[in-house]
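J.: Here you go, sequence then predicted model.
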Amino acid sequence: MVLTRRRLMLGAAAAVPLGAVVLSKKEDPVVTPRAEGPRRSREIERVVSATRTSDGAGVNLNRILGGRELPMLDPFLLLDEFQSDNPNDYIAGFPDHPHRGFETVTYMLHGAMEHKDSVGNHGRLGPGTAQWMTAGRGIIHSEMPKQERGLMWGYQLWVNLPKANKWRAPRYQDIPAEKIPERDLDGAHVRVVAGSAQGATGPVQGIDVEPLFLDVALTKGARFVHDLPAGHTAFFYLVDGALRVGPSKRELRRGQLAVLAPGETVEASCDAEQGRGLLLAARPLNEPVARRGPFVMNTDDEIRQAFDDYRSGRLVGG
Ligand code: CO
């Protein structure tokens, strides 16, 4: 079936379960210097579970962030997990669709994602790769999942851009698996996609919200502690197995996301066979958010403009 642009837009808009445009404005956080005093280990504030849903041309996926239960965690707007050994769940993929005003991050564990865009980029993201795409003022691309030995497993994260940079030129950072540093320490295996951990710095550079993106795998008995800016938004998503997170050592299982309270450190340990999670953190923007379908701006008018620009062919180029 051929998706017309209109149908695609309606589909994409309908997939965001937020009804109409959502506006939110948070107070600026009071930043207290904590040069001395106790270092707070981040406690789990809330746990949410992934919800099965469908997006694109009929891709069945787990929506962890960006759904009804947890619409956003500033500056994170969405986290989807594709995991299936049934090609019917994902083979229709995400044919040509637009984005404006934010960044999409793809992280693959198994299988591959073929992508092609209006800027002339074309590639195949294989297992272990990451792609950080800054949509800026506008891009149209396709993302088509491909299986490998029957299994497709990957993630897409949406990260907001500050108001001042929503109109910047689009940019890609395609990171092959071997360029992502890995560290092993006492049963903890860490891949550093963005930010720094255990003496390694991730290859994703120049992102406004200073993101941390770690893939943390622990074996039984292992412990992992990581320092991060106290006021940054942070969450842990359990990719596989089970981990205990925070000072109260609450157990998280596959498919659960833990929102972490402010603090200087994050700790995780494993007393199951193994546990693996994505630890994401970033500086919150505290700006108004207006989002609909594939566009994330600051005002309702800017969203209308994005749809108009897309319909009239003005979203990309220029
Ligand atoms: Co996309």
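T.: Sure thing, it's come through. Numbering: from 1, shown residues only.

J.: where does the stretch 201-318 of the chain have low pLDDT?
T.: 318 (pLDDT under 70).

J.: those strands in it, which residues are they?
T.: 212-219, 223-227, 233-245, 250-253, 256-260, 265-269, 274-282, 290-292, 295-297 (DSSP state E, counting those that start in this stretch).

J.: Next one: residue 135 from residue 249, what distance?
T.: Here residue 135 is placed at a distance of 39 Å from residue 249 (CB to CB, to the nearest Å). Every residue, glycine included, has its C-beta placed from N, CA and C.

J.: one step back: which of the strands of the stretch 201-318 of the chain is buried the deepest?
T.: Highest mean neighbour count of the strands of the stretch 201-318 of the chain: strand 295-297, a mean of 28 (counted as mean count of other CB atoms under 10 Å).

J.: Give me the phi and psi angles of the most centrally placed residue in the chain.
T.: The geometric centre of the chain, computed from its C-alpha atoms, lies nearest to residue 157 (CA atoms, centre = their mean), at 1.8 Å. The phi and psi values for residue 157, taken as degrees, to the nearest 10, are phi -120, psi 140.

J.: neighbour-wise, which of residue 135 and residue 249 wins?
T.: The residue with more neighbours, out of residue 135 and residue 249 and counting by other CB atoms under 10 Å, is residue 135; that gives 27 against 13.

J.: Just to check, that one is in contact with residue 117?
T.: No. Between residue 135 and residue 117 there is no contact, the gap being 9.6 Å when judged by CB atoms under 8 Å.

J.: who touches both of the two?
T.: Contact criterion CB atoms under 8 Å, 6 or more residues apart in numbering; residues bridging residue 135 and residue 117 by contacting each: residue 170.

J.: What segments of this structure are helices?
T.: Counting by DSSP state H, one finds helices in the chain at the ranges 5-15, 300-311.

J.: Run a quick check on residue 265 versus residue 224, I expect a contact.
T.: No. Counting by CB under 8 Å, residue 224 is not a contact partner of residue 265; they are 10.4 Å apart.

J.: Could you find the closest non-adjacent residue to residue 240?
T.: Setting aside the residues directly before and after it, residue 240 is nearest to residue 276 in space (CB to CB, 6 or more residues apart in numbering), at 4.4 Å.

J.: Redo the strands of the stretch 201-318 of the chain as CSV? Include distance to residue 52.
T.: As requested, those are arranged in CSV below (distance: least, CB to CB, whole Å):
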stretch, distance to residue 52
strand 212-219, 23
strand 223-227, 29
strand 233-245, 16
strand 250-253, 16
strand 256-260, 14
strand 265-269, 26
strand 274-282, 19
strand 290-292, 22
strand 295-297, 23
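
J.: among these, which is nearest residue 96?
T.: strand 295-297 (15.1 Å; CB to CB).

J.: The closest one packs against which elements?
T.: Other elements packing on strand 295-297 under the criterion 3 or more CB pairs under 8 Å, 6 or more residues apart in numbering; DSSP states H and E are strand 290-292, helix 300-311.

J.: tell me the most buried of these?
T.: Mean neighbour counts were taken over the helices and strands packed on strand 295-297 using mean count of other CB under 10 Å, and the top value, a mean of 22, falls to strand 290-292.

J.: Can you list the strands that that one pairs with?
T.: With DSSP bridges as the test, strand 290-292 is paired with strand 295-297 (antiparallel).

J.: The partner strand: how far from the chain's middle?
T.: How far strand 295-297 lies from its chain's middle: 15 Å, per CA atoms, centre = their mean, to the nearest Å.
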